[in-house]
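[1] can you look at this prediction? I've put the sequence above it.
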Amino acid sequence: MTAPANTVVRTGRDGDDLLVAVRDLKKHFPIREGALQKVVGHIKAVDGVSFDIRRGETVGLVGESGCGKTTLGRVVSGLTEPTDGGVYFGLGGEERRKLDTLLEVQSPDRTDEQSEALSALDANHRVDVMVGDAFDHYRRNCQVVFQESFASLNPRQLIKDIVGRPLRVHREASGSDLTERVVELLEQVGLGRQHLFRYPHQFSGGQRQRISIARALALDPELVILDEPTSALDVSVQAQILNLLHELQQERNLAYLFITHDLSVVRHMADRIVVMYVGKVAEAGPTQTIFERPEHPYTDALLASSPDMKESAQDLQALEGAIPDPALPPQGCRFHTRCPVATPACGWEVDDIVRWLEDEEGMFDELRDVERKSPFEAALSFRSEDAANRLAAALRSDAVPDAMRSAIEDLNTTGTDTRIRFTAVDEVQLTLRSEDHVAACVLNRGTSTEPS
Amino acid sequence: MVDVPAGPAPARITDSAWRVRTRRGGELLMSLLKNPTTVAGLVFIVLLLGMAIFAPLIAEPNTPDAYQMPRDWGALAVPPGSPGHILGTTNVGGDVLYGVVWGARTSLRLSVIVVSLTVLIGVTVGSIAGFRGGKVDEILMRIVDVFLSIPELIFALAIAAVLGPSFRNIILALAVVFWVKYARIMRAQIIHVKENEYVDAARVIGDSPLRIYLKDILPNSITPVVVQATLDMGNIVLVGATLSFIGLSEAGIAEWGVLVSEGQSGISAGRWWSSTFPGMMVFLWALGFNLFGDGLRDVLDPKTESTR
């Protein structure tokens, strides 16, 4: 049903500047219930995401809170093990092409030879399985700056020990040499020798974030994952930290994975932007393209909700409604429940009716049971015939969105039951819209060039 | 200098880690001494410990075993102020002053051994449970629950009774009873502390789990254990004296509970001294450590620390 994830999702150009390749990454957290802690479902925090990070570039990972962006960052940084798929570090251009060719074949269809080749690549490059030198190389070259600068610094350690710790762990320096290296790092982030023997609580939020950055840079990494590094700071301090990050990137040819909920923060930083929605990539492409010619209505909504963008996006509607439950992601396009331009082909389903009933006065209490045949077909039984008829009438009127009404294939009411069937729709896949620009939307705005 | 942090005093370049840490320790002590009840507790503790340490100077040690009460069969139940027996004697001729002074040593021995043992066991079990989680945690905590469901004194009494009356068995019984609290506290602390981002930061650096435990988790979760240990220094002597009073340690040793027990039968006959003085010692010991422990809790509380 699903197309091989890597044929269309890849956004990076071919080349030898690849640093990280994320391939069909999934992270599902089990939901446990009851005394026996039985698994009753999974929160699909990250549900099949692929993208590349090249050397020296900034990738902005954008989405609302709860969309899985932080989880994705944690998996890329090796803090969380993926459920499926992988994060590949330090692949050469040739190896990347080899990997993508191999991954195009689904695992049961792989020949022994192909499986072996894949295992060899995994052992050297896949973050969650690599060991020894490969892991050491990755650990040195991938560092993280967290959102909460206070929580990310051990309150009982002195700044010298905090910033010098990576050097000590990897046996790069000790004694007075270590102190000098720490001073050097502190100076690079705008602090100095006088701050060596202080505790984190003696600093302001912005300064603590500088300390975090100094620690992340200690091992001279190639990639730094920035998880909302400025969202806990005042606006003026935010700008200082962003400038610092930008300068450091210029000096050291760092690659950033910049995770944020605010598009305006990454506008001037990011080379490319990946927009995530409920565990999936909604749209990805070069920053300029995303801002000027967004292809996904969700990107429109994010642009509209960002205060800086208001003037340029006056005609765009801000986002309404809540983000769907990632344990039960919507069918088709995951955004169809909140989309202002949804079509009948967007994946209307039984749950949309349940959601509609929840908002309708007195109707949800009448609902007794939903017997699903598939996500698109079910029998809803009510406590009274009246309620069943009211639902049927509503579904034929403009009380529900036009697109939803048009997606209904079959609707009949017998007694207290309402049977309903929607057009079954596959998950909407990412398609190429212009160079290096993909979006997962059934609509095509036609502003794009033909895929080559 | 635009970026000067709002620290207490501008740090000099000549600062060293050692100096900063001593300064911090000094600040801690100063804030402890601001509270009069804490100071009172500290005074009691210092006096009682002084008595324990200088016991041989105050009352000449009995031979061959200094922890055995000397018996003066020629002066049974003499009142305080009698020649040679400033605080009087018990019905069996034990010198009350000797019992009070050497009893402080016995109490110190008891509380230090029991607290060290229980902290060691409790912190280890609690750390494993909290750090590992899952099934291991589940099993260890159910065992702890079983221990906690039995009242302290009755549980200790039962164990000491089964093992037979001796001072060593009282130590064992108290250790068996008191470790569970530390396991509980430590587990809760670790579960809370290990969620902090500095633990993730240490993992990203590539530090080993053991060093993360020793550097990041343990120092940030040990404070409530220290406070509880201070309170237990008092509680253990109280429970230990109770067990001795009931007769679960060897007869005739210089121990406050034994002394109270020896004087018990004489109280109705007006011979108040042989129970009152050792009883007061138990009271002062427990009070001192409780007052000091409370003060310590106020000062060390992580919430007040982070907003300072």
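    Sure, I can see it.

[2] okay, CA-based contacts and neighbour counts for the rest of this
    OK.

[3] close to chain B: what parts of chain A are there?
    A:77-79, A:139-140, A:142-144, A:146, A:148, A:151-156, A:158, A:165-166, A:169-170, A:191, A:193-195, A:197-198, A:201-204 (C-alpha under 8 Å from any C-alpha of the partner chain).

[4] mind checking which of those residues land in helices?
    A:Arg139, A:Arg140, A:Arg165, A:Pro166, A:Val169 (DSSP state H).

[5] farthest-separated two in the residues you listed?
    A:Arg139 and A:Arg165 (13.6 Å; C-alpha to C-alpha).

[6] in three-state terms, label the most centrally placed residue in chain B for me.
    Centroid-nearest residue in chain B: B:Met233, 1.5 Å away (criterion: C-alpha atoms, centre = their mean). In three-state terms, and counting by DSSP: H, G, I helix; E, B strand; the rest coil, B:Met233 is helix.

[7] that one is in contact with B:Ser116, isn't it?
    No: the pair B:Met233 / B:Ser116 is not scored as a contact, 10.0 Å apart, by C-alpha atoms under 8 Å.

[8] OK, contacts around the residue nearest to B:Gly164 when sequence neighbours are not counted?
    Excluding its sequence neighbours, the residue lying closest to B:Gly164 (C-alpha to C-alpha, 6 or more residues apart in numbering or on different chains) is B:Leu248, at 7.2 Å. By C-alpha atoms under 8 Å, 6 or more residues apart in numbering or on different chains, B:Leu248 lies in contact with B:Ala160, B:Ala161, B:Gly164, B:Pro165, B:Ser166, B:Phe167, B:Ile170.

[9] what mean pLDDT does the helix or strand harbouring the first one get?
    Read it as B:Ala160. Here B:Ala160 sits within helix B:152-163, counting by DSSP states H and E. Averaged over helix B:152-163, pLDDT sits at 91.

[10] just the buried residues of that helix, please?
    Within helix B:152-163, the residues scored as buried using 16 or more other C-alpha atoms under 10 Å in any protein chain shown are B:Phe155, B:Ala156, B:Leu157, B:Ile159, B:Ala160, B:Ala161.

[11] ditto for stretch A:388-404
    So stretch A:388-404, judged by 16+ other C-alpha under 10 Å, has buried residues A:Ala388, A:Asn389, A:Leu391, A:Ala392, A:Leu395, A:Arg396, A:Ala403, A:Met404.

[12] how close does the second one get to chain B?
    Counting by C-alpha to the nearest C-alpha, to the nearest Å, the gap from A:Asn389 to chain B is 50 Å.

[13] now that residue, nearest residue through space, not along the chain?
    A:Thr413 (6.8 Å).

[14] and the helix or strand harbouring A:Phe364, how far out from the chain's middle?
    Using DSSP H and E, A:Phe364 sits within helix A:363-366. Centroid separation between helix A:363-366 and its chain, computed with C-alpha atoms, centre = their mean, to the nearest Å, is 35 Å.

[15] against which helices or strands is it packed?
    Counting contacts by 3 or more C-alpha pairs under 8 Å, 6 or more residues apart in numbering or on different chains; DSSP states H and E, helix A:363-366 packs against helix A:350-359.

[16] pLDDT averaged over the helix it packs on - what is it?
    84.

[17] under the pLDDT cut-off, which ranges of the chain? List them.
    Answering for chain A, as no chain was given. By pLDDT under 70, the weakly predicted segments of chain A are A:1-16, A:307-318, A:446-452.

[18] the intended chain is chain B.
    B:1-15, B:301-308.

[19] residue of it closest to chain A, please.
    Relative to chain A, the nearest point of chain B is B:Tyr198 (3.9 Å; C-alpha to the nearest C-alpha).

[20] host element of that residue?
    For B:Tyr198, the element it lies in under DSSP H and E is helix B:197-205.

[21] what of B:Trp102?
    Judged by DSSP H and E, B:Trp102 forms part of helix B:96-132.

[22] list the helices and strands that helix packs on?
    For helix B:96-132, the packing partners by 3+ C-alpha pairs under 8 Å, 6+ apart come out as helix B:36-53, helix B:55-58, helix B:134-148, helix B:167-193, helix B:223-246, helix B:256-264, helix B:273-300.

[23] out of those, which comes closest to B:Leu87?
    Among the helices and strands packed on helix B:96-132, helix B:273-300 sits nearest to B:Leu87 (C-alpha to C-alpha), with 7.1 Å.

[24] can you list the buried residues in that closest one?
    Buried residues in helix B:273-300 (16+ other C-alpha under 10 Å): B:273-279, B:281-282, B:284-300.

[25] quick one: that helix to helix B:256-264, angle?
    Here the directions of helix B:273-300 and helix B:256-264 differ by 150 degrees (axes from the mean of the first three to the mean of the last three C-alpha atoms, to 10 degrees).

[26] I'd assumed A:Leu61 was in contact with A:Thr260.
    Yes: applying C-alpha under 8 Å, one finds A:Thr260 in contact with A:Leu61, separated by 6.2 Å.

[27] OK, contacts around the residue of the stretch 101-250 of chain A found nearest chain B?
    Of all residues in the stretch 101-250 of chain A, A:Ser152 sits closest to chain B, at 3.9 Å by C-alpha to the nearest C-alpha. For A:Ser152, the contacting residues are A:Phe146, A:Ser212, B:Asn196, B:Glu197, B:Tyr198, B:Val199, B:Asp200, B:Ala201, by C-alpha under 8 Å, 6+ apart.

[28] among these, which two are most distant?
    Within these, A:Ser212 and B:Asn196 form the most distant pair, 14.2 Å apart (C-alpha to C-alpha).

[29] of the two, who's got more company?
    A:Ser212 (27 against 18; other C-alpha atoms under 10 Å in any protein chain shown).

[30] can you count the residues close to B:Leu231?
    22.

[31] show me which residues of the stretch 201-308 of chain B sit near chain A.
    Checking the stretch 201-308 of chain B against chain A by C-alpha under 8 Å from any C-alpha, the hits are B:Ala201, B:Arg203, B:Val204, B:Ile205, B:Gly206, B:Asp207, B:Asp216, B:Pro219, B:Asn220, B:Ser306.

[32] list just the nearest of these to A:Arg32.
    Of all those, A:Arg32 sits closest to B:Arg203, with 26.6 Å by C-alpha to C-alpha.

[33] which non-adjacent residue is nearest the closest one?
    Nearest non-adjacent residue to B:Arg203 (C-alpha to C-alpha, 6+ apart): A:Leu79, at 7.3 Å.

[34] measure the residue nearest to the centre of chain B to B:Leu47 for me?
    B:Met233 sits 15 Å away from B:Leu47, going by C-alpha to C-alpha, to the nearest Å.

[35] same thing with A:Glu366?
    75 Å.

[36] do B:Asp207 as well
    46 Å.

[37] kindly report the same for B:Val204.
    For B:Val204, the distance to B:Leu47 equals 50 Å [C-alpha to C-alpha].

[38] comparing these two, which residue is more hemmed in?
    B:Val204 (21 against 14).

[39] would you confirm that that one contacts A:Thr80?
    No: when contacts are counted by C-alpha under 8 Å, B:Val204 is not listed as touching A:Thr80 (10.8 Å).

[40] what touches both of these two?
    The contact sets of B:Val204 and A:Thr80 do not overlap (C-alpha under 8 Å, 6+ apart).

[41] for the stretch 201-350 of chain A, just list every one of the helices.
    In the stretch 201-350 of chain A, helices defined by DSSP state H, counting those that start in this stretch lie at A:205-217, A:235-252, A:263-266, A:287-292, A:297-305, A:350-359, listed in chain order.
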